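J.: Need coordinates for the following:
(one chain, ligands or ions: 2)
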Amino acid sequence: MPDTSSAPVPAAPNPATAPNAIAFIGGGNMASALIGGLIAQGFAPERIEVVEPFEAARDALQAQFGVTAQALPGPQLRSADLVVWAVKPQVFREAALQARPLTSAALHLSVAAGIRSSSIAQWLGSERVVRAMPNTPALIGRGISGLFARQAVDSAERQRIEQVMAPTGETLWVEQEHDLDAVTALSGSGPAYVFYLLEAMTRAGVGMGLSQAQAHRLAVATVGGAAELARRSDDPPEVLRQRVTSKGGTTHAAIEVLERAGVAGHFVHAIEAAQHRARELGDEFGT
Ligand SMILES: NC(=O)C1=CN([C@@H]2O[C@H](COP(=O)(O)OP(=O)(O)OC[C@H]3O[C@@H](n4cnc5c(N)ncnc54)[C@H](O)[C@@H]3O)[C@@H](O)[C@H]2O)C=CC1
Ligand SMILES: O=C(O)[C@@H]1CCC=N1
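T.: Ligands and ions are numbered 1, 2, ... in the order given. Presented below is the predicted three-dimensional model:
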């Protein structure tokens, strides 16, 4: 592939002597979570290159992590043997075509929702593409990411991706790429559903006379504690719920309202809508 970038490009560094770098295309929320994780596990900030068009975002990355950030892709990308794509689906194609001449030797990791690996492979002219679907608890090392690799990605490269993702939390490989749309809907978007529930619980607490701070603390501790109990328990959530629900008691009164309003069904429909949107994003902004 001929180099079409306008800046003079030095020869590619000798991979035996050059320290391998990781490049991030897009330096927003998800990139920050991953960069924070890498640095926390001892990865040198000098080996992280970011391409981020917005100056304020570049400054924030440099100040917070000490990484180098450029407005446009340039020759520095050639030293990266892993390129992480953390741009919105809407701009992925344009960003990929810009960086393609500089990243042909790299392994590629995309966190973009919906954009299928076949589109990414075509835009970048490389079959070595892995997709990840993380979520924002990655910021505190408590996320979970679905992972999918194209066939050309070997087991050492899969391990490399697991290493990069490890500080952000758990990982789960899926064999069928379309399952990533379900992962996106369930755990990628999932933190927003939990925050929505927290907002409602807090609003109810305030409505019943508690202070905002008291209601927030009670709601957050309850959601966190219940999730941890579900994680550690051998019983399914339904059984755990029944243990809270005394016959003729307070929980029963609340659950009856939720059931009458069909809240569980609405939740299922909402998550299906997210999956549908992930597919649409792939169709709309993919190739
Ligand atoms: N925020 C979330 O909870 C999750 C987001 N994702 C995916 O991660 C990707 C990034 O999302 P966020 O980090 O939340 O968005 P963000 O908006 O915080 O970050 C995207 C960054 O890309 C930059 N950008 C725009 N055009 C660019 C270009 N041509 N080259 C390089 N950078 C460019 C923007 O200035 C912005 O800073 C999206 O594709 C999203 O689907 C995946 C899982 C969860
Ligand atoms: O809402 C979105 O499109 C992204 C993907 C998963 C979470 N946020």
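J.: Just say helix, strand or coil for L82.
T.: Following DSSP: H, G, I helix; E, B strand; the rest coil, we place L82 in the strand state.
J.: Surely it and A106 touch.
T.: Yes - the criterion here is CB atoms under 8 Å, and L82 meets it with A106 at 6.0 Å. C-beta: built from backbone N, CA, C; applies to glycine.
J.: between these two, what contacts are shared?
T.: Residues touching both L82 and A106 (CB atoms under 8 Å, 6 or more residues apart in numbering): A23.
J.: Tell me which of those two has more neighbours.
T.: For L82 versus A106, neighbours defined as other CB atoms under 10 Å are more numerous around A106 (23 against 20).
J.: OK, contacts around the more buried one?
T.: 23, 80-83, 126, 128.
J.: Flag every buried residue along stretch 251-259.
T.: I255 (16 or more other CB atoms under 10 Å).
J.: ok, back up a step: so which of the contacts of A106 comes closest to ligand 1?
T.: A23 (10.4 Å; CB to the nearest ligand atom).
J.: you'd agree that closest one is up against D81?
T.: No - using CB under 8 Å, A23 makes no contact with D81, being 9.2 Å away.
J.: Counting neighbours around each, name which of these two comes out higher.
T.: Comparing A23 with D81 by other CB under 10 Å, the one with more neighbours is A23, at 27 against 17.
J.: quick one: the helices in this structure?
T.: Using DSSP state H, the helices of the chain run over residues 29-40, 55-65, 89-99, 117-124, 155-165, 179-183, 190-207, 212-232, 237-244, 250-260, 263-285.
J.: anything in the third one near ligand 1?
T.: Yes - residues of helix 89-99 are located near ligand 1 by CB under 6 Å from any ligand atom, namely 89, 91, 94-95.
J.: how much distance is there from that helix to the middle of the chain?
T.: Relative to its chain's centre, helix 89-99 lies at 18 Å (CA atoms, centre = their mean, to the nearest Å).
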